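Participant: Kindly return the folded structure for what I paste below:
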Amino acid sequence: MLTSPAAIGAHSSNSYSGVVQEAHEIALGFKTPGELVRVVVKEGQYVHQGQLIAMLDDADYKLGVESAKVQYEQMKKETERLEKLHNAKSLSDNDYDKAISGLQQLKVQLQANQNKLDYTRLYAPVNGYVKSVNFSQGEMVNVGTPVITLLDLNGLEVELNVPFALYKQRDHIKRIVCHFSGDTKYTPEMKLLSVIPQSDGTQLYKMRLAFTDADAAKVVTAGMNVSVDVETKDSEAAEKAFTLPMRAVFREQEKSYVWVMNADSTVTKKEIKLNGMDNQGKLIVTSGLNGDEQVVRAGVNALSEGEKVTVLEQPSKTNVGGLL
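Facilitator: Here you go, the predicted model:
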């Protein structure tokens with residue numbers, strides 16, 4: 001049986017299956033310990049960046065701020081009095097410097113207490129959904145203990161496995177469109193984030209895509225199965241490439257060959273260069289063919305140079321699928 005090399009063309013578009021994933025979960029905790037007196041959000045609730053989500057008992061921290069403020073104000077007045085004495089040459093430089101240093105220390109202490117008071121409020125660092133609330137009102141929490149787990153919607157991505165053909169064309173991607181099962185109206189565009197430059201056991205490469213539409217987070221959820229159309233603008237070399245069925249190619253001494261059918265029904269062995277496979281499992285031929293040849297695609301390992309062959313127009317009943 002014969003086949004003709006299929007030209008790839010200057011533009012190509014292929015569809016791949018992927019899964020929506022959140023870039024990461026954020027475990028939110030307080031920067032200071034205390035008793036949890038209020039949780040403002042519930043599991044599954046959408047929150048905006050900067051939104052208050054939980055509070056600690058701040059009574060003791062307020063007292064700490066007031067105490068530090070009184071000490072600071074007293075030291076400030078004393079320093080102002082000592083400054084006048086210093087200007088009048090009635091106070092040594094050393095004693096005046098000690099007073100200034102003491103005032104600065106109290107200022108730092110006041111700010112530290114104010115920070116602790118501020119830390120009794122927990123705010124959402126990004127837009128997202130509350131995945132879990134890990135503590136209840138009245139419980140004691142330590143510094144850094146995850147009180148709430150947030151799904152970062154700013155980091156929703158689609159992860160898919162692609163063949164070598166697309167991996168090679170990653171710098172020539174023209175457009176990426178995402179499709180959702182059961183929703184034909186919303187088809188957001190995406191952008192390429194990264195491709196891991198190492199294939200897995202199935203010779204596929206992991207590609208990560210991000211949504212360019214800010215409203216995607218309102219429609220998309222982690223775990224959704226999607227279909228992604230990737231349109232590429234082929235390089236000059238790829239525009240001259242062809243595809244062939246895998247069984248039309250055979251290997252000898254680390255080189256790839258095909259059998260080309262001549263006008264007198266004999267075959268000639270022709271060396272070709274390959275560059276991976278397309279998403280349909282066909283081999284990509286980058287050199288060795290001009291596209292006009294008739295290439296043998298069955299029984300290639302049984303032929304020899306100059307052998308005369310008979311072409312089977314249709315597979316025989318004993319060769320179902322043309323596999324032999």
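Participant: Now do the same contact list for the nearest residue to residue 46 once chain neighbours are set aside.
Facilitator: Nearest non-adjacent residue to residue 46, counting by CB to CB, 6 or more residues apart in numbering: residue 129, 5.6 Å away. Backbone N, C-alpha and C define where each C-beta goes, glycine included. Listed by CB atoms under 8 Å, 6 or more residues apart in numbering, the contact set of residue 129 reads 44-47, 150-151, 153.
Participant: who wins for neighbours among these?
Facilitator: residue 150 (24 neighbours; other CB atoms under 10 Å).
Participant: Am I right that that one sits in a strand?
Facilitator: Yes: counting by DSSP: H, G, I helix; E, B strand; the rest coil, residue 150 is located in a strand.
Participant: Could you measure from it over to residue 35?
Facilitator: Residue 150 sits 22 Å away from residue 35, taking CB to CB, to the nearest Å as the criterion.
Participant: Could you give the bridge partners of the residue nearest to residue 46?
Facilitator: residue 46, residue 151 (DSSP bridges).
Participant: any idea how far it is from residue 181?
Facilitator: 21 Å.
Participant: tally of neighbours for residue 226?
Facilitator: 19.
Participant: Would you list the phi and psi of the residue of the chain most remote from its centre?
Facilitator: Taking CA atoms, centre = their mean, the residue of the chain most remote from its mean C-alpha position is residue 90, at 68.5 Å. Torsion angles at residue 90 (phi, psi; degrees, to the nearest 10) stand at phi -100, psi 0.
Participant: If you tally nearby residues, what's the number for residue 32?
Facilitator: Residue 32 has 18 nearby residues by other CB under 10 Å.
Participant: my guess is residue 57 meets residue 117, correct?
Facilitator: No: contact criterion CB atoms under 8 Å: residue 57 and residue 117 do not qualify, at 11.2 Å.
Participant: Please say which of these two ends up with more neighbours.
Facilitator: residue 117 (18 against 15).
Participant: re the thing from before, gap between the residue nearest to residue 46 and residue 214?
Facilitator: 16 Å.
Participant: mind listing the helices in the stretch 201-324 of the chain by residue range?
Facilitator: 236-239 (DSSP state H, counting those that start in this stretch).
Participant: Show me the shaky parts of it.
Facilitator: Low-confidence segments of the stretch 201-324 of the chain, defined by pLDDT under 70: 234-240, 279, 313-324.
Participant: Which parts of it are strands?
Facilitator: Here the stretch 201-324 of the chain has its strands, by DSSP state E, counting those that start in this stretch, at 205-211, 225-233, 242-244, 250-252, 255-261, 267-277, 283-287, 295-296.
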